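Peer 1: Sequence and computational prediction follow.
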Amino acid sequence: DPVDISHFSISNYPKVDGSTSCHPLQIIIACDILDVEYRWYEGFDGMLRVWPSDDDPAKKDEKEYISTINHSGTHGSYVNLIADSVDLIIAARLPSEDELVLADSLNMNISTMAIALDAFVFILNTQNPVNNLTVEQIRRIYSGAIIHWNDVGGEIAAINPYQRNKNSGSQELM
């Protein structure tokens, strides 16, 4: 059921956490709920970041509050949710098996709701003759079943797939 957000203020805003990739979404949601303007800024590293930009003196406290919202990463946010340190999280995946075991051990029930879709982008060197991989081939590469480029139509060379750590959002989705 839809939640009535009209009564939220900084005094009763839920404690939130989430995956690193969802932090911009959380900032936009908080700005929208607390009626604070935001804009995208180019960071020191060239990446675009969203941040409260409202110069209205009446919104100073809300702007400062939104600026304190941090995300602990996917696994950290699930652990914080299970430990009852936060009220809700925004993450790019369902809880991992480890997180479900932890929740079960603490008699915690995790309720999830999909609000968006996520995707992976695979980038190859322009000199690599492989220009098309199936989903099944990608799964086999990341599971270790395919370890050489010649197994997918390329040169005889080792595949070195970058993988995130266990319980990270992207690794669990793989």
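Peer 2: The structure has been received and is ready for your questions.
Peer 1: What does the pLDDT read for W51?
Peer 2: On the pLDDT scale, W51 is placed at 92.
Peer 1: Contact partners for it?
Peer 2: The contact partners of W51, by Cβ atoms under 8 Å, 6 or more residues apart in numbering, come to I27, Y38, R39, Y41, S67. Yep, even glycine has a C-beta here, placed from its N, CA and C like the rest.
Peer 1: For the chain, give me the ranges with low pLDDT.
Peer 2: Within the chain, the stretches falling below the threshold (pLDDT under 70) are 1-3, 118, 163-174.
Peer 1: Strands of that one, residue ranges please.
Peer 2: In the chain, strands defined by DSSP state E lie at 16-18, 38-42, 48-52, 88-90, listed in chain order.
Peer 1: So for A103, which of the ones you listed sits nearest?
Peer 2: Closest to A103 of the strands of the chain is strand 88-90 (Cβ to Cβ; 12.5 Å).
Peer 1: tell me which strands and helices that closest one is in contact with?
Peer 2: strand 16-18, helix 23-33, helix 74-82 (3 or more Cβ pairs under 8 Å, 6 or more residues apart in numbering; DSSP states H and E).
Peer 1: Do you have the helices of this structure handy? List them.
Peer 2: With DSSP state H as the criterion, the chain has helices at 23-33, 60-67, 74-82, 97-105, 135-143, 169-173.
Peer 1: Pick the most buried one from the ones you listed.
Peer 2: Mean neighbour counts were compared across the helices of the chain using mean count of other Cβ atoms under 10 Å; the top stretch is helix 74-82, at a mean of 23.
Peer 1: Next, count neighbours for V130.
Peer 2: For V130, the count of nearby residues is 15 (other Cβ atoms under 10 Å).
Peer 1: Leaving out chain neighbours, which residue sits closest to P129?
Peer 2: Leaving aside its chain neighbours, P129 sits nearest to G154 (5.4 Å; criterion: Cβ to Cβ, 6 or more residues apart in numbering).
Peer 1: returning to that earlier point: can the helices of the chain go into CSV with extra columns for distance to V16?
Peer 2: As requested, these are arranged in CSV below (distance: least, Cβ to Cβ, whole Å):
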stretch, distance to V16
helix 23-33, 6
helix 60-67, 11
helix 74-82, 9
helix 97-105, 17
helix 135-143, 30
helix 169-173, 16
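Peer 1: To V50, which of those helices lies closest?
Peer 2: The closest approach between V50 and any of the helices of the chain, judged by Cβ to Cβ, belongs to helix 23-33 at 4.6 Å.
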